[in-house]
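Colleague: generate coordinates for the sequence data below:
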Amino acid sequence: MAVGTPLGRGVFVPIPTFFKDNEDLDFDALEKHIQYLSNKGLAGIIFLGSMGEAVHLSDEERRQVISKGAELVKKYDSSIKVLAGASAGSARHTIELTKQAADAGAEYVLVLPPSYYRGNVDSEAIESFFTRVADQSPVPVVIYNYPGVTQGVDITVQSLAKLAKHPNIVGVKGTDGNIGKVGYLGARIKPEDNFALLAGSADFFLPALAVGAVGVVPGLGNVAPRACVEVQRLFESGKLAAATQLQQQLVEPDDALARWYGNPGVKAGMNRVLGWGGLPRCPLRPPSDDQIDRIVQAVDTALSIEKSLA
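Modeller: Coordinates of the predicted model:
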């Protein structure tokens with residue numbers, strides 16, 4: 001059984017998977033985006049998470065995205081860690097995806113709990129699933145707790161505290177938005193557990209840091225990476241008033257880009273403010289021009305902050 005390399009602290013940006021108009025993979029846009037995110041102080045980039053439309057890709061396309069992404073990270077900023085989504089319905093298939101991701105260049109994998117057979121997914125099933133996956137994954141596992149995409153499956157704090165003791169499980173991304181859960185785990189995770197608590201979005205980053213989180217996975221980081229990094233820098237420097245003010249300024253931009261219209265909104269907003277983003281795959285539909293205008297208007301605050309930090 002592998003002993004996982006520590007994930008560390010910081011901002012881990014979940015990026016989209018870019019498609020051409022015919023829905024083929026667009027590696028030119030991927031390169032532009034990796035170059036944009038490089039040398040901004042990020043700790044990592046996540047490929048094939050929810051933001052990356054992993055469920056819309058074949059296993060071979062997943063391999064190609066990770067392989068090309070890892071190559072580009074090495075080219076533009078080798079300090080950035082490469083994480084990749086590796087979620088499937090069974091432990092067996094998930095383990096296959098972890099091995100494929102590792103072979104393609106991923107240093108860590110992000111794994112959702114199983115949820116298709118919701119009635120059979122209790123805490124014991126979740127603990128068994130993650131234990132088996134972590135036992136056989138060639139790279140460290142980060143648990144991805146996101147009830148919004150798993151039929152409401154929400155891993156309990158008790159299960160997370162148990163799984164944190166596994167030597168090859170090195171963290172959790174909490175997209176449940178439960179600050180109380182972060183605090184509970186923060187009080188119980190010991191340094192020797194090698195387990196990083198990550199806030200699941202930028203809108204509650206500072207509160208999560210205050211009770212034990214050591215990083216964040218922010219959709220907003222796709223357009224304002226420096227601003228997200230700055231929240232943590234200010235907090236860790238003891239500048240709580242400045243960190244609070246910045247956090248408050250980032251809440252609406254993060255909601256606008258990442259949640260108002262889902263993945264199509266992220267891509268449409270990126271198209272407008274960065275010049276790349278592309279379209280989502282069917283059945284997702286791009287937002288209307290009026291909706292895109294609304295996103296861009298809300299994100300403008302974060303972009304102004306981003307430019308001021310350059």
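
Colleague: so what's the residue count around the residue nearest to Arg62 when sequence neighbours are not counted?
Modeller: Nearest non-adjacent residue to Arg62, counting by Cβ to Cβ, 6 or more residues apart in numbering: Leu48, 5.7 Å away. Using the backbone N, CA and C atoms, a C-beta is placed for each residue, glycine as well. If you count neighbours by other Cβ atoms under 10 Å, Leu48 ends up with 29.

Colleague: over to Ile155?
Modeller: Per other Cβ under 10 Å, the neighbour tally for Ile155 reads 25.

Colleague: what do you get for the one 10 residues further on?
Modeller: Burial measure for Lys165: 13 neighbouring residues, criterion other Cβ under 10 Å.

Colleague: what's the closest non-adjacent residue to it?
Modeller: Asp193 is the one closest to Lys165 (Cβ to Cβ, 6+ apart), at 6.2 Å.

Colleague: now stretch 191-200: average pLDDT?
Modeller: Across stretch 191-200, pLDDT averages out at 92.

Colleague: give me the residues contacting that stretch.
Modeller: Outside stretch 191-200, the residues that touch it by Cβ atoms under 8 Å, 6 or more residues apart in numbering are 4, 6-9, 12, 142, 145-146, 164-165, 167, 169-177, 182, 185-186, 189, 205, 208-209, 212-218.

Colleague: among these, which are in strands?
Modeller: Within the contacts of stretch 191-200, residues falling in strands by DSSP state E are Phe12, Val142, Asn145, Ile169, Val170, Gly171, Val172, Lys173, Gly174, Gly215, Val216.

Colleague: tell me where this protein has strands.
Modeller: 10-14, 44-47, 81-85, 108-111, 141-145, 169-174, 196-199, 215-216.

Colleague: stretch 88-99: how far from the chain's middle?
Modeller: Distance, stretch centre to chain centre, for stretch 88-99: 19 Å (Cα atoms, centre = their mean, to the nearest Å).

Colleague: buried set for it?
Modeller: Residues of stretch 88-99 classed as buried: Ala88, Ala91, Thr94, Ile95, Leu97, Thr98, Lys99 (neighbour count, 16 or more other Cβ atoms under 10 Å).

Colleague: which parts of the protein are helices?
Modeller: 27-37, 59-76, 91-104, 123-136, 157-163, 179-188, 205-210, 225-236, 240-258, 262-273, 289-309 (DSSP state H).

Colleague: in a markdown table, list those along with mean pLDDT and distance to Lys20.
Modeller: Below are these laid out as a markdown table (pLDDT from 0 to 100; distance: least, Cβ to Cβ, whole Å):
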| stretch | mean pLDDT | distance to Lys20 |
| --- | --- | --- |
| helix 27-37 | 98 | 8 |
| helix 59-76 | 98 | 13 |
| helix 91-104 | 98 | 21 |
| helix 123-136 | 97 | 33 |
| helix 157-163 | 96 | 39 |
| helix 179-188 | 91 | 39 |
| helix 205-210 | 96 | 33 |
| helix 225-236 | 98 | 25 |
| helix 240-258 | 97 | 22 |
| helix 262-273 | 96 | 13 |
| helix 289-309 | 97 | 20 |
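
Colleague: could you work out which of those helices reaches nearest to Val82?
Modeller: Val82 lies closest to helix 59-76 among these, at 4.9 Å (Cβ to Cβ).

Colleague: so what touches that closest one?
Modeller: Outside helix 59-76, the residues that touch it by Cβ under 8 Å, 6+ apart are 17, 25, 27, 30-31, 34-35, 38-39, 45, 47-48, 52, 54, 57, 80, 82, 84-85, 96-97, 100-101, 103-106.

Colleague: quick revisit: where does confidence bottom out across the ones in strands among the contacts of stretch 191-200?
Modeller: Within the ones in strands among the contacts of stretch 191-200, lowest confidence goes to Gly174 (91).

Colleague: what bridges to that residue?
Modeller: Asn145, Ala199 (DSSP bridges).

Colleague: thanks again, I'm all set now.
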